[in-house]
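Colleague: here is a sequence together with a model predicted from it:
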Amino acid sequence: MPIHLPSPSQKGTISLEEAIARRRSIRDFIPEPISQSQLSQILWAAQGISDTRGRYRTVPSAGATYPLEIFIACGRNGVDEIDAGIYHYNIDSHSLALHYEGDVRLALARAARDQEFIYEAPVDIVICAIFERTGLRYGSRGERYVHIEVGHAGQNIYLQAIALGLTTVAIGAFHDEQVRQVLRLDKQYKPLYIMPVGRSTWGKIKEGNNLKKKEDNMEKSGTEKLPFLKVDQVGVVVKDIGKTIEHLASLGIGPFEPAHSTPIIEREVRGKPGDYELKIRFAQLGQVELELIQPVKGECIHREFLESKGEGIHHLGFFVDDIGKEIAKLTKQGIKILQSGRRANCGGFAYLETDAVGGIVLELIQR
């Protein structure tokens with residue numbers, strides 16, 4: 001059943017000029033829910049209907065093609081009397097339709113380069129676009145118009161949040177495909193903005209054992225930072241990837257998607273050129289990416305694992321921004337590379353020889 005939101009108001013308590021003057025990008029949130037009326041007002045400002053005949057929206061759109069679609073990731077106790085889950089904003093009826101049950105804010109934060117405030121905000125608004133709607137009318141120029149339009153929507157959310165005594169920030173730093181998978185969206189939906197919304201601490205320093213605090217402590221102790229504070233991926237080697245996906249789907253795990261990254265142009269296995277083929281599929285499992293790997297042909301560490309140990313967890317993966325820099329740090333500590341690959345965009349991967357004690361292989365991944 002759809003959740004019909006309270007009717008939005010067209011009269012506020014502060015002037016437009018005051019809202020503009022007070023607009024800030026705030027990344028600190030307190031764990032308090034917002035009301036349905038506040039959510040209603042923000043969604044209306046982002047993409048709502050602004051006249052009684054339904055002809056106009058609150059945001060201009062090139063040729064009235066309206067490419068934007070709004071989803072919200074609601075946390076537990078994030079919005080009064082709305083359960084945790086992913087919801088789609090239905091513009092015509094000003095209502096929410098449940099898209100997926102469960103709190104995905106942590107997974108969304110991980111897909112957005114570990115920006116923790118995305119998890120801490122009670123609700124995250126994700127603005128997506130279906131580019132074809134505008135592209136069919138304007139061709140390649142349509143892409144520019146869509147990007148302009150999401151800027152209009154983002155500014156409206158900023159100003160409406162200020163008028164309601166709330167805060168937000170527009171986030172564009174995220175892994176597009178991971179965000180799409182976290183939200184369980186079809187491939188036609190392209191995420192453009194994540195905008196956490198809530199009440200703010202207005203810059204107060206948060207306590208807690210978070211990643212930034214850990215890194216600061218390492219700096220003070222003179223320890224060089226290593227990229228192993230948060231696991232981003234668990235890799236599993238399997239004999240038959242199709243049967244494995246079917247089995248996991250029966251347990252509610254999935255969907256699985258093929259790799260969409262830039263092709264590997266250079267491969268090495270134990271320091272020598274590699275010639276092998278793998279079948280790979282990915283699924284988002286909470287805040288961690290699950291990678292299934294089936295060796296198809298050629299010699300590689302995955303085939304070695306399958307033949308010596310059978311199916312099972314092969315490695316833990318960690319996303320990094322500069323894989324060359326991280327490898328240089330590890331090389332200083334005497335850690336060798338088992339297998340690696342370089343992409344045309346300078347990204348790549350490197351499996352580390354860290355399994356001598358405990359049997360755990362670690363992988364660095366730059367996308």
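Modeller: That came through, no problem. Here the structure is a predicted model, which means the values were calculated and not measured.
Colleague: pLDDT weak spots in the stretch 51-200 of the chain?
Modeller: Along the stretch 51-200 of the chain, the parts satisfying pLDDT under 70 run over 54.
Colleague: and if we set it to 80?
Modeller: Scanning the stretch 51-200 of the chain for pLDDT under 80 picks out the ranges 52-54.
Colleague: show me where it has its helices.
Modeller: Counting by DSSP state H, counting those that start in this stretch, the stretch 51-200 of the chain has helices at residues 105-111, 117-120, 131-138, 141-163, 176-182.
Colleague: list the buried ones in the last one?
Modeller: Looking back up the chat, that one is helix 176-182. 177-182 (16 or more other C-beta atoms under 10 Å). To be clear about C-beta, it is placed using only N, CA and C from the backbone, and glycine gets the same treatment.
Colleague: now for it, which elements pack on it?
Modeller: helix 105-111, strand 190-198, strand 277-285 (3 or more C-beta pairs under 8 Å, 6 or more residues apart in numbering; DSSP states H and E).
Colleague: identify the residues contacting that helix?
Modeller: 104, 107-108, 110-112, 126, 187, 189-191, 194, 255, 257, 260, 282-284, 289 (C-beta atoms under 8 Å, 6 or more residues apart in numbering).
Colleague: identify the residues contacting the residue nearest to Gly286 when sequence neighbours are not counted.
Modeller: If the residues on either side of it in the chain are set aside, Gly286 comes closest to Ala107, at 5.6 Å by C-beta to C-beta, 6 or more residues apart in numbering. Contacts for Ala107 (C-beta under 8 Å, 6+ apart) come out as 182, 284, 286-287.
Colleague: likewise Ile148?
Modeller: Contact analysis of Ile148 by C-beta under 8 Å, 6+ apart lists Ala62.
Colleague: need the helices and strands packed on helix 176-182 in TSV (columns: distance to Ser250).
Modeller: TSV is the format used below for these (distance: least, C-beta to C-beta, whole Å):
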stretch	distance to Ser250
helix 105-111	22
strand 190-198	29
strand 277-285	14
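Colleague: please name whichever of those is nearest to Tyr66.
Modeller: Tyr66 lies closest to strand 190-198 among the helices and strands packed on helix 176-182, at 14.1 Å (C-beta to C-beta).
Colleague: out of the contacts of helix 176-182, which are buried?
Modeller: Listed as buried from those are 104, 107-108, 110-112, 126, 189-191, 194, 282-284, 289; burial here means 16+ other C-beta under 10 Å.
Colleague: Ile264 reaches Gly341, doesn't it?
Modeller: Yes. Contact criterion C-beta atoms under 8 Å: Ile264 and Gly341 qualify, at 4.2 Å.
Colleague: shared neighbours, these two?
Modeller: Gly348.
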